[in-house]
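J.: what would the 3D arrangement of this be:
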Amino acid sequence: MHRGMKIACVMMQKDETILLDPWIRYHSDLIGSGNLYILDNGSTAPSVIRSLRQAELDGVHVLWDYRSRRDYLERGPLIVELIQHLDREGCFDFYFLLDCDEFLACQTGAGPSCQRQDIEAVLRPFLGSQEVLVIQYKYWHNPCRKNFYSITNSSRKCFFAHGSCDFLDHGFHHGRSKLGKNDQSTGIVFFEFHYKPYRLHRISSRQHLCGVLDDFSRRSLRAYRAKRKYAHHCAEDLLKGKYDFVRSFLGAQGELEIQGLLATFDRLGIDHGALFERQPPIPSGLWLFLLRMRQTFMHGVDGGLDVVRRGVSFLRRQAARRARAMGHLIRRLAGFP
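T.: Coordinates of the predicted model:
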């Protein structure tokens with residue numbers, strides 16, 4: 001960025017095995033490694049730990065003291081504390097709050113841009129802004145088709161200029177400024193790699209729900225999805241078989257082909273193959289047919305196992321009830337009250 005404009009990106013992550021390196025390298029090139037703040041939420045994957053250690057050597061600020069589930073649930077207030085601390089040191093003009101699957105960009109007349117000078121031009125009118133600054137929409141990547149994205153405005157995000165941050169919710173969707181009461185739309189956008197390849201996406205979805213669900217049967221997932229509580233979309237993702245997952249993306253309509261982000265990855269030597277579903281060297285129609293057959297079988301197995309689990313649970317309850325009744329009978333026969 002031009003001299004005098006400093007930007008921070010703040011992100012909390014845990015065991016982002018395929019996205020952490022691309023995120024660090026992309027944003028280090030964009031705004032400088034010394035302007036990245038990563039709050040690690042208790043990662044244990046060796047590859048992630050190595051990446052974080054290397055990032056520290058390269059100047060990234062890795063904060064290791066936020067390891068608990070509570071820290072994750074309270075990440076909004078924790079990040080506000082960090083921003084306000086940095087404000088007191090007078091470090092930055094803007095603070096972006098991102099997830100590890102989000103890559104900062106901006107909108108121009110020619111489409112989305114990953115270029116520093118374009119982001120700088122979009123931000124310049126908002127230097128010193130007193131309002132909550134808003135990212136209105138994102139480009140959601142297709143994990144089965146490289147360089148294809150859908151546009152969504154269903155999950156706006158906010159960011160702050162220097163000295164204004166007062167409140168931030170868990171998902172960074174809503175915030176409050178200490179200096180103003182309004183929201184201000186900007187030309188900042190981001191690319192989101194929400195959908196990993198099917199197997200990894202299931203692991204990520206299960207990880208998000210492990211603190212609120214003990215039973216991951218299809219019946220339990222359907223019940224949780226219906227409640228529309230925290231991360232209910234992860235229950236929806238876990239209910240999808242691979243056929244449903246792949247078909248939804250291969251048949252997606254209205255997507256835009258945008259080459260800028262992956263071209264930037266290529267320029268930086270970032271391997272992005274792991275971010276996309278690998279299709280075997282057979283026609284797509286045959287692949288989908290085989291996936292559908294496998295999904296039907298697996299759902300049948302899941303349904304059968306669910307019936308067995310329910311039956312075992314019922315028998316255990318019956319056995320416990322009979323044991324209690326027998327205990328009462330024995331006490332009465334022995335003359336105990």
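
J.: can you pull the contacts of Leu52?
T.: Leu20, Ile38, Asp40, Ser43, Val62 (Cβ atoms under 8 Å, 6 or more residues apart in numbering). From N, CA and C alone the C-beta is placed, and that goes for glycine too.

J.: does it sit in a helix or strand, and which one?
T.: Using DSSP states H and E, the element containing Leu52 is helix 46-57.

J.: for the contacts of Leu52, pick the one with the most neighbours.
T.: The residue in the contacts of Leu52 with the most neighbours, by other Cβ atoms under 10 Å, is Ile38 (26 neighbours).

J.: distance check, Asn147 against Phe191.
T.: From Asn147 across to Phe191, the span is 11 Å (Cβ to Cβ, to the nearest Å).

J.: flag every buried residue along the helix holding Leu52.
T.: Buried positions in helix 46-57, judged by neighbour count with 16 or more other Cβ atoms under 10 Å: Val48, Ser51, Leu52, Ala55.

J.: keeping just the C-alphas, turn stretch 288-303 into CSV.
T.: The C-alpha trace of stretch 288-303 is given here as CSV (Å, rounded to 0.1, in the frame of the first residue of the first chain):
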residue,chain,number,x,y,z
LEU,A,288,-22.2,-38.6,-11.0
PHE,A,289,-24.0,-42.0,-11.5
LEU,A,290,-21.4,-43.8,-9.4
LEU,A,291,-21.6,-41.2,-6.7
ARG,A,292,-25.3,-41.5,-6.6
MET,A,293,-25.2,-45.3,-6.3
ARG,A,294,-22.7,-45.0,-3.5
GLN,A,295,-24.7,-42.3,-1.7
THR,A,296,-27.9,-44.3,-1.8
PHE,A,297,-26.0,-47.3,-0.3
MET,A,298,-24.4,-45.2,2.4
HIS,A,299,-27.6,-43.5,3.4
GLY,A,300,-29.3,-46.9,3.6
VAL,A,301,-26.5,-48.1,5.9
ASP,A,302,-26.8,-44.9,8.0
GLY,A,303,-30.5,-45.5,8.3
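
J.: if you count neighbours, what's buried in that stretch?
T.: Quick answer for stretch 288-303 (16+ other Cβ under 10 Å): Leu288, Leu291, Arg292, Gln295.

J.: okay, the residues you listed in CSV with distance to Ser33 next?
T.: Listed next are the buried residues of stretch 288-303 as CSV, based on distance: Cβ to Cβ, whole Å:
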residue, distance to Ser33
Leu288, 43
Leu291, 41
Arg292, 46
Gln295, 43
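
J.: just curious, which of the residues you listed is nearest to Gly303?
T.: The nearest member of those to Gly303, counting by Cβ to Cβ, is Gln295 at 12.3 Å.

J.: where does that closest one sit: helix, strand or coil?
T.: Assigned with DSSP: H, G, I helix; E, B strand; the rest coil, Gln295 falls in the helix class.

J.: ok, now which ones touch it?
T.: Gln295 touches Gly241, Lys242, Tyr243, Asp244, counting by Cβ under 8 Å, 6+ apart.

J.: what helix or strand is the last one located in?
T.: This points to Asp244. Using DSSP H and E, the element containing Asp244 is helix 242-250.

J.: what's that helix packed up against?
T.: helix 198-209, helix 284-333 (3 or more Cβ pairs under 8 Å, 6 or more residues apart in numbering; DSSP states H and E).

J.: tell me the most buried of those helices?
T.: helix 198-209 (a mean of 17; mean count of other Cβ atoms under 10 Å).

J.: who does that helix touch, helix- and strand-wise?
T.: helix 232-239, helix 242-250.

J.: contacting residues around the last one?
T.: With Cβ under 8 Å, 6+ apart as the contact definition, helix 242-250 has outside contacts at 142-145, 195, 198, 201, 277, 284, 287-288, 291-292, 294-295.
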